[in-house]
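Asker: Fold the following.
(one chain, ligands or ions: 2)
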Amino acid sequence: MASGSCACRYIRYTTSIPPGKMINCHCVECRKQSGAPYQAWVFFPADAIQWTVKPTEWRSSDTAGRSFCPRCGSTMTMYLDKNLPETGVAAGTMDDDDDDDDGKTVVPRPAAHIFLGEKASWFEVPDDGAERFQGWTS
Ligand SMILES: [Zn+2]
Ligand SMILES: [Zn+2]
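Answerer: Residues are numbered from 1 along each chain as shown. Ligands and ions are numbered 1, 2, ... in the order given. Just a heads-up that it's a prediction; the model follows:
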């Protein structure tokens, strides 16, 4: 299954099932929190993720929360209150097993770019075949 960690390795996780969809979010909160043009999230049922240390949570809006490593600041997760069983894990924290030949799950390819209405003006979305949405998924 999938595994990953923050940058300093204080927080590690494994998952009991393969990753779901990868969604690249271009909203302002994701951009500011990641410090990058967008944040890639991979979705898992919350109870499918086993943490060595629970990341520190904070409220990023009236409808969503996010988490990070308290030692190195790495972005770890986000979740929507209305969709609590699903947790978005920051895709860049996942161990990338693409080169392994041991049967481990491969990190999924992007399925969608969302909140392109808030996209950084200086970033050009790659022609990667993923669906494109101005907002959440419309
Ligand atoms: Zn850390
Ligand atoms: Zn976002």
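Asker: Which positions in the protein make contact with ligand 1?
Answerer: By the rule CB under 5 Å from the ion, the part of the chain lying against ligand 1 is 6, 8, 10, 69, 71, 72. In this view, the C-beta of every residue, glycine as well, is placed from N, C-alpha and C.
Asker: Contacts only, for the fifth one.
Answerer: The neighbours of residue 71, taking CB atoms under 8 Å, 6 or more residues apart in numbering as the test, are 6, 8, 10.
Asker: now the residue lying closest to residue 74 once chain neighbours are set aside: how far from residue 54?
Answerer: Among residues not flanking residue 74 along the chain, residue 6 sits closest, at 3.7 Å (CB to CB, 6 or more residues apart in numbering). As for residue 6, its distance to residue 54 is 12 Å (criterion: CB to CB, to the nearest Å).
Asker: Pick out whichever of the two has more residues nearby.
Answerer: residue 6 (22 against 12; other CB atoms under 10 Å).
Asker: Is stretch 13-27 positioned near ligand 2?
Answerer: Yes: judged by CB under 5 Å from the ion, stretch 13-27 comes into contact with ligand 2 through 25, 27.
Asker: End to end on that stretch, go ahead and measure it.
Answerer: Chord length of stretch 13-27, first to last residue, is 26 Å (CA to CA, to the nearest Å).
Asker: again with stretch 5-23
Answerer: Span of stretch 5-23 from end to end, CA to CA: 19 Å.
Asker: Check stretch 74-84 too.
Answerer: Stretch 74-84 end-to-end distance (CA to CA) = 21 Å.
Asker: pLDDT of it, averaged?
Answerer: Averaging pLDDT along stretch 74-84 gives 92.
Asker: Can you pull out the residues in contact with it?
Answerer: So stretch 74-84 is contacted by 6-8, 11, 30, 33-34, 39, 41, 46, 55, 60, 63-69, 86-90, 93 (CB under 8 Å, 6+ apart).
Asker: Many thanks, we can stop here.
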